[in-house]
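In: what shape does this take:
(one chain, ligands or ions: 2)
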Amino acid sequence: MPFRITKKFEFSASHRLAGLAPDHQCARMHGHNYIVELELGADEADLSPVGFVRDYGDLSAFKNWLDNYLDHRHLNDVMDDNPTAENMAAWIYRTWSKEFFELTCVRVSETPKTWAEYRP
Ligand SMILES: Nc1nc2c(c(=O)[nH]1)N=C([C@H](O)[C@H](O)COP(=O)(O)OP(=O)(O)OP(=O)(O)O)CN2
Ligand SMILES: [Zn+2]
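Out: Ligands and ions are numbered 1, 2, ... in the order given. Have a look, this model is predicted:
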């Protein structure tokens, strides 16, 4: 699959991580300015006649979902799984690969130094 496109999205949310030692900083409620990156891929034969893997503009549906369901929310109230960056990446992939069949990877950043990705 030689063609890959990516687009970044941002939202802010709070969370606390279960299962950690009580004195772990992430066991306490805190917030992040999250960055989510979607990666979509295609073979040359599957590019649109224009030459797109998919129009970046089509991803506005994902932005609307982030704005409506995750932005300024408490992620523990939204997700069934512990809201780690890894679990978020997998959850977003499983949810959005139904809409975007070209989706190859979801990456989630909680801080400027960290990224988690789900690439099945
Ligand atoms: N593998 C993971 N490790 C951690 C996650 C995670 O989702 N996956 N999450 C957290 C915290 O929620 C938060 O992201 C804190 O991250 P961390 O880099 O440990 O915190 P700091 O920004 O304070 O790190 P400094 O190195 O002190 O700058 C923790 N771990
Ligand atoms: Zn955190």
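In: what's the spacing between the spatially closest residue to residue 99 that is not a sequence neighbour and residue 120?
Out: With sequence-adjacent residues excluded and distances taken as C-beta to C-beta, 6 or more residues apart in numbering, residue 99 is closest to residue 61, at 6.7 Å. To be clear about C-beta, it is placed using only N, CA and C from the backbone, and glycine gets the same treatment. With distances taken as C-beta to C-beta, to the nearest Å, residue 61 is found 21 Å from residue 120.
In: pLDDT below threshold where in the chain?
Out: For the chain, applying pLDDT under 70 flags no range at all.
In: where do the helices of it begin and end?
Out: In the chain, the helices defined using DSSP state H lie at 60-65, 75-78, 85-96.
In: now those helices in TSV, with mean neighbour count and distance to residue 105?
Out: Below are the helices of the chain laid out as TSV (neighbours: other C-beta atoms under 10 Å; distance: least, C-beta to C-beta, whole Å):
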stretch	mean neighbour count	distance to residue 105
helix 60-65	14	14
helix 75-78	16	20
helix 85-96	19	8
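In: columns distance to residue 27 on top of those helices, output as JSON lines?
Out: Below are the helices of the chain laid out as JSON lines (distance: least, C-beta to C-beta, whole Å):
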{"stretch": "helix 60-65", "distance to residue 27": "28"}
{"stretch": "helix 75-78", "distance to residue 27": "12"}
{"stretch": "helix 85-96", "distance to residue 27": "16"}
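In: pretty sure residue 100 sits against residue 40.
Out: Yes - the pair residue 100 / residue 40 is scored as a contact, 6.1 Å apart, by C-beta atoms under 8 Å.
In: what about the two, which has more around it?
Out: More crowded of residue 100 and residue 40, by other C-beta atoms under 10 Å: residue 40, with 23 against 17.
In: and that one, what does it touch?
Out: 4, 5, 6, 53, 54, 100, 102, 103, 104 (C-beta atoms under 8 Å, 6 or more residues apart in numbering).
In: much appreciated, bye for now.
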